[in-house]
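J.: Below is the sequence, then the predicted model.
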Protein chains: 2
Amino acid sequence: MFRIGEFSKIAQVPASVLRYYDDIGLFTPIHSDRDTGYRYYSVEQLSQLNRILALKDLGLALDQIKRLVMDEVSPEEIRGMLSLRKAQIEQTLQVEAIRLRAVESRLQQLEHKGGFQDDDVVLKSLPAQPFLSLRHRCQDLKQTFTLISQMNAAAAQHLTAKSLGRFAAVIHGEFYEDIDWDLEFGFYLNQTLDLTVPLSDRMVIRVRELESVEMAVTAVRFGGPENGHLCYSAIGTWAEKHQYELIGPGREIFIVPPKPGHEAEMVVEIQFPVKTFMH
Amino acid sequence: MFRIGEFSKIAQVPASVLRYYDDIGLFTPIHSDRDTGYRYYSVEQLSQLNRILALKDLGLALDQIKRLVMDEVSPEEIRGMLSLRKAQIEQTLQVEAIRLRAVESRLQQLEHKGGFQDDDVVLKSLPAQPFLSLRHRCQDLKQTFTLISQMNAAAAQHLTAKSLGRFAAVIHGEFYEDIDWDLEFGFYLNQTLDLTVPLSDRMVIRVRELESVEMAVTAVRFGGPENGHLCYSAIGTWAEKHQYELIGPGREIFIVPPKPGHEAEMVVEIQFPVKTFMH
DNA sequence: CTTGACCTTCAAGTAGCTTGAAATTTTAGA
DNA sequence: TCTAAAATTTCAAGCTACTTGAAGGTCAAG
């Protein structure tokens, strides 16, 4: 029989941890003196503790370990736990590998230019969204802004402000095209609803579900699309440096929508779906 | 200007997080209403927040980020932070990779045998230790036990019980030798001290520093060395399965030392230095 | 019997949030 | 203008796996 100090030295586990394990009922001493409260451990308990430590090494949580060593747990359940844990570890490995690349690229950037750059480019995931939209080929900027005004008017007529979310655009064409864009404009909706609004004889606004995106590179642009090339190139550069591959179509979310005559004050978040680049 | 709810939607950050960042002074709204306490954020703050999120993505702690974005931090210091972070990530990657192998091997074990095994084998690191010891070739068990008794007597004479730690042996020969072991017996010491104790004309006990070991596979054996083969083979099997390479010499720590006539009740922790196997 | 090592319990702190309660403010609709 | 709903506020507690410290009791050696 050992007192806690000696047992902790043998097992290489701090006494405070042994006390904690006792508190949570994971590993209790073989004997506790009623009067003094002193804990006494036996050598046989070493292997019990070792079993616990081995499971902890796998990264299992203490309450899981408790179930494993205290209760009778079926092999299927154990396999379930371990498979889950395996998936988690693989996930962690991926995330950390990406993180490492990011840190390395920052360090390199620091070597070359001595300061921070491209901090405004951020990776996000985008949920699926009901989207009240119209797809149309636009020839020039003015026509585009007119269309946006029309849609605003039509939406205000047919829907309460309540259900209307943010205004957004999906850029279906390749983004290096300079004119004749294939654009889809519309409003994010707060609820799904079935609705079609005719705008003209050939253009109809309808609801569809905008797909969710697992990973998207995003950046914020201040001002109209004429400032946009900077922003797009920032995204492209970032993606290349961090080894992501752009897999369009990109989106623009209007955070401050353009008002006629004040288009320069608009603010847009540009979002570009990506996947990790496999070489 | 946005209220917290809308800003949180734009930035894809929960409002609770924005409040928390405000609390800790990492990211405060551009304006807080004196009367109502309402927080108001501007679009320009989006990029400030994005900068913070980018740094968080690198895995930096919030107080580090705070320093980076609030204070003027020199590029050298930034480099220091990032290098440190890089090392940490690399460490994590290693640990998680090992963990993954361990979980996989458990799963495999489960497939083959349907239950848990070898839980009593544990990986530890061993600190350096002052060691009062004698190295000697032992021909058989009886001679060995006699030597141990002699050393106990000699130690009791020359040292207080206070400074004497656990009794231990280092196995210098290859561990598959069946006889004529090259053994080093001695006591762990609680302080370093300079001391030599003559035991006979050719045998002298002296203090030396027992090296620290980064990783050692350990197991507990109950009973004398005649039970030992089981234990050693458990360690060997474990190491092979988990892809570690044994890099002797092994050690035996006497947790319950052998008493003359009761050698079967002894308890020993076997420790074997290892390194990760490079194929 | 004293001294110092060892042990006890209890409380608080760690990081980065989340959840919930109770109170207030704003907004939409009638 | 009034009311109900939605949004926001602050404050407190909870999460994991411990660590640290205070105040006080226990044990062994000299």
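T.: Nice, I can see it. Numbers count the residues shown, from 1 in each chain, chains lettered A, B, ... in the order given.
J.: Taking the stretch 101-250 of chain A, what residue is nearest to DNA strand C?
T.: residue A:160 (4.5 Å; Cβ to the nearest atom of the strand). Every residue, glycine included, has its C-beta placed from N, CA and C.
J.: Quick check on that residue: phi, psi?
T.: Torsion angles at residue A:160 (phi, psi; degrees, to the nearest 10) stand at phi -70, psi 150.
J.: repeat for residue A:162
T.: Dihedral pair for residue A:162: phi -50, psi -50, per degrees, to the nearest 10.
J.: Ignoring the adjacent residues along the chain, who's closest to it?
T.: residue A:190 (7.1 Å; Cβ to Cβ, 6 or more residues apart in numbering or on different chains).
J.: Same check on residue A:22?
T.: Nearest to residue A:22 is residue A:28, by Cβ to Cβ, 6+ apart, at 5.2 Å.
J.: Quick check: which element contains residue A:108?
T.: helix A:75-113 (DSSP states H and E).
J.: for that helix, packing partners?
T.: Applying 3 or more Cβ pairs under 8 Å, 6 or more residues apart in numbering or on different chains; DSSP states H and E, we find helix A:75-113 packed against helix A:62-70, helix B:75-113.
J.: how distant is that helix from the center of its chain?
T.: Offset of helix A:75-113 from its chain centre (Cα atoms, centre = their mean, to the nearest Å): 14 Å.
J.: Tell me the helix or strand right after it.
T.: Sequence order places strand A:122-126 as the next helix or strand after helix A:75-113, per DSSP H and E.
J.: how close does the residue of the stretch 1-150 of chain A found nearest DNA strand C get to DNA strand D?
T.: Proximity of the stretch 1-150 of chain A to DNA strand C (Cβ to the nearest atom of the strand) peaks at residue A:5, 2.5 Å away. Separation of residue A:5 from DNA strand D (Cβ to the nearest atom of the strand, to the nearest Å): 11 Å.
J.: returning to what we had before: where does the residue of the stretch 101-250 of chain A closest to DNA strand C land on pLDDT?
T.: You'll see residue A:160 listed with a pLDDT of 72.
J.: Count the residues that sit near it.
T.: 8 (other Cβ atoms under 10 Å in any protein chain shown).
J.: residues touching it, list them.
T.: By Cβ atoms under 8 Å, 6 or more residues apart in numbering or on different chains, the contact list for residue A:160 is empty.
J.: cool, and residue A:36?
T.: So residue A:36 contacts nothing (Cβ under 8 Å, 6+ apart).
J.: Just to be sure, it is in a strand?
T.: No. Counting by DSSP: H, G, I helix; E, B strand; the rest coil, residue A:36 is not part of a strand but coil.
J.: Please name the nearest non-neighbouring residue to the residue in the stretch 151-279 of chain A that chain B sits nearest to.
T.: Of all residues in the stretch 151-279 of chain A, residue A:267 sits closest to chain B, at 4.7 Å by Cβ to the nearest Cβ. Counting by Cβ to Cβ, 6+ apart, the nearest residue to residue A:267 once its immediate chain neighbours are dropped is residue A:256, at 4.0 Å.
J.: Equivalent analysis for residue A:167, please.
T.: residue A:254 (4.3 Å).
J.: And the pLDDT at residue A:55?
T.: Here the pLDDT value assigned to residue A:55 is 90.
J.: any idea how far the residue lying closest to it once chain neighbours are set aside lies from DNA strand D?
T.: Counting by Cβ to Cβ, 6+ apart, residue A:65 is the residue found nearest to residue A:55 once chain neighbours are left out, at 4.6 Å. Residue A:65 sits 8 Å away from DNA strand D when distances are taken as Cβ to the nearest atom of the strand.
J.: Which residues are in contact with residue A:65?
T.: Contacts of residue A:65 by Cβ under 8 Å, 6+ apart are A:26, A:52, A:55, A:56.
J.: mind checking pLDDT for the second one?
T.: What that stands for is residue A:52. On the pLDDT scale, residue A:52 gets 92.
J.: The first one too?
T.: The predicted local distance difference test score for residue A:26 is 95.
J.: residues near it, how many?
T.: Neighbours of residue A:26 using other Cβ under 10 Å come to 17.
J.: now do residue A:212
T.: 12.
J.: Can you tell me, leaving aside adjacent residues, what's nearest to it?
T.: Leaving aside its chain neighbours, residue A:212 sits nearest to residue A:128 (4.0 Å; criterion: Cβ to Cβ, 6+ apart).
J.: And the one you found, how close does it get to residue B:22?
T.: Noted for residue A:128: a distance of 31 Å to residue B:22, by Cβ to Cβ, to the nearest Å.
J.: try residue A:89
T.: Distance, residue A:89 to residue B:22, by Cβ to Cβ: 35 Å.
J.: Comparing these two, which residue is more hemmed in?
T.: residue A:89 (22 against 15).
J.: tell me the SS of residue A:136?
T.: What three-state DSSP gives for residue A:136 is strand.
J.: got it, and the one 10 residues further on?
T.: The three-state label given to residue A:146 by three-state DSSP is helix.
J.: measure it to residue A:263 for me?
T.: For residue A:146, the distance to residue A:263 - Cβ to Cβ - is 12 Å.
J.: Tell me if I'm right that residue A:181 and residue A:141 touch.
T.: No. Residue A:181 lies out of contact with residue A:141 (Cβ atoms under 8 Å); the separation is 9.8 Å.
J.: Between those two, which has more neighbouring residues?
T.: residue A:181 (20 against 14).
J.: quick revisit: more neighbours: residue A:146 and residue A:263, which one.
T.: Of the pair residue A:146 and residue A:263, residue A:263 is the one with more neighbours under other Cβ under 10 Å, namely 17 against 12.
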